[in-house]
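Peer 1: Let me see the structure of the following:
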Amino acid sequence: MCHAAARVRRSEPEPADSASDVPDVLAPGLACVFCGINPGRVSAAAAAHFANPRNDFWRLLHDGGFTPRLFSPSEQFELLALGYGITNAAFRTTPGSGDLRRRDFDLERLERIALELRPRAFAFVGKEAYRGLFGDRAELGPHLRTIDGIGLFVLPSTSPANAAVPYGEHLRWFRALREWLEPVPRTSIRALVLDADDRLLLLRFENAFGRSWWATPGGGAEAGEDDEQTLRRELIEEVGLHEPDIGPLVWRRVQVFAWGGVLYRQTERCHVVRVESHEVAPTIDLLPEGVHGHRWWSLDEIEASDETFAPRALARHLRALLDGGIPAEPVDVADYQQP
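Peer 2: The predicted model follows:
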């Protein structure tokens, strides 16, 4: 597994200061950040994560295929070159996790890490780390919830207090995480549908946890389809636009995101589609795809809005297109460099 994180130096700033006895092991663009519950006294004394010699975390990392050899807790920063990091759901050191209070868990901090450092996924080492942050029932494995499209996976706790779970069962979940972190490739063809007044047609997407955003119509290519065939089918299904005039390819991006408990690496290509006007009338039920409405947006409205758009810099790229015309080469509109 090759990750952009291998180019990151340890000196990169972290997104927030902390008073934890154990330093975060973080850098931009990691494949996965392991999130423990909080520092125990042995880890606090060593200033290292999972430092209790009876904790199987480091052994499981090696046996699960994450590290080429068995690392010691003092070598925790060596994980960054492999594309992995470590943090905790709560900063306060306690004799046991049962001594934590609800206010010790800091979801806003984890969300800042997600937005500023853009890991591919968070892996919670123990159900209580996840439950403490989100208040949800925590099942082992991948979750439908995401943090801004970043995947969440729950592992069994590696603490000695969880020793009743056989090592082989722990290892099975670590290996499952390793496999899950390899994104499924997907191709998406999308349309910048612009009317005679240069208004842009956008669909409103919403996930199961209430997060919403606006994106262009389009979707995944089916087997045997070329870009034009995919886009024609999607425009009929999503907005009822028949026989569109498919214009040139103007934008492209590659993004890694989680949807439905699966990690995808999506290669996206976006074409201009011009219409005089159009009354949106989907020909399929879009709710199972997370689509909850549509709207024609002027560029000024997009620039003034606090809504989330995909890509995030939609307004800037759209202004460049409307002012400068069709680019000689497709513009890369990716929000982040993807691991």
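
Peer 1: and residue 33, that's in a helix?
Peer 2: No. Under DSSP: H, G, I helix; E, B strand; the rest coil, residue 33 falls outside any helix and is assigned strand.

Peer 1: And the helices in this protein?
Peer 2: For the chain, applying DSSP state H gives helices covering 41-46, 57-63, 107-117, 127-134, 167-180, 227-239, 299-304, 314-324.

Peer 1: Contacts for the second one next, please.
Peer 2: Just to be clear, that refers to helix 57-63. Helix 57-63 is contacted from outside by 34, 36, 49-50, 67-73, 84, 125, 158, 170-171, 174, using Cβ atoms under 8 Å, 6 or more residues apart in numbering. Where you see a C-beta, it was placed from the backbone N, CA and C, and this is true even at glycine.

Peer 1: Which of those residues fall within strands?
Peer 2: 34, 36, 84, 125 (DSSP state E).

Peer 1: how about those residues, which pair is most distant?
Peer 2: 36 and 84 (13.1 Å; Cβ to Cβ).

Peer 1: Could you dump the helices of the chain into CSV and include mean pLDDT and distance to residue 274?
Peer 2: Converted to CSV, the helices of the chain look like this (pLDDT from 0 to 100; distance: least, Cβ to Cβ, whole Å):
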stretch, mean pLDDT, distance to residue 274
helix 41-46, 91, 60
helix 57-63, 98, 53
helix 107-117, 93, 35
helix 127-134, 94, 44
helix 167-180, 97, 41
helix 227-239, 96, 13
helix 299-304, 97, 15
helix 314-324, 97, 12
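
Peer 1: Let's have these in JSON lines, adding distance to residue 245.
Peer 2: Shown next, in JSON lines, are these (distance: least, Cβ to Cβ, whole Å):
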{"stretch": "helix 41-46", "distance to residue 245": "62"}
{"stretch": "helix 57-63", "distance to residue 245": "54"}
{"stretch": "helix 107-117", "distance to residue 245": "38"}
{"stretch": "helix 127-134", "distance to residue 245": "46"}
{"stretch": "helix 167-180", "distance to residue 245": "41"}
{"stretch": "helix 227-239", "distance to residue 245": "11"}
{"stretch": "helix 299-304", "distance to residue 245": "21"}
{"stretch": "helix 314-324", "distance to residue 245": "17"}
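
Peer 1: Please identify the most buried of these.
Peer 2: The highest mean neighbour count among these, using mean count of other Cβ atoms under 10 Å, belongs to helix 127-134: a mean of 22.
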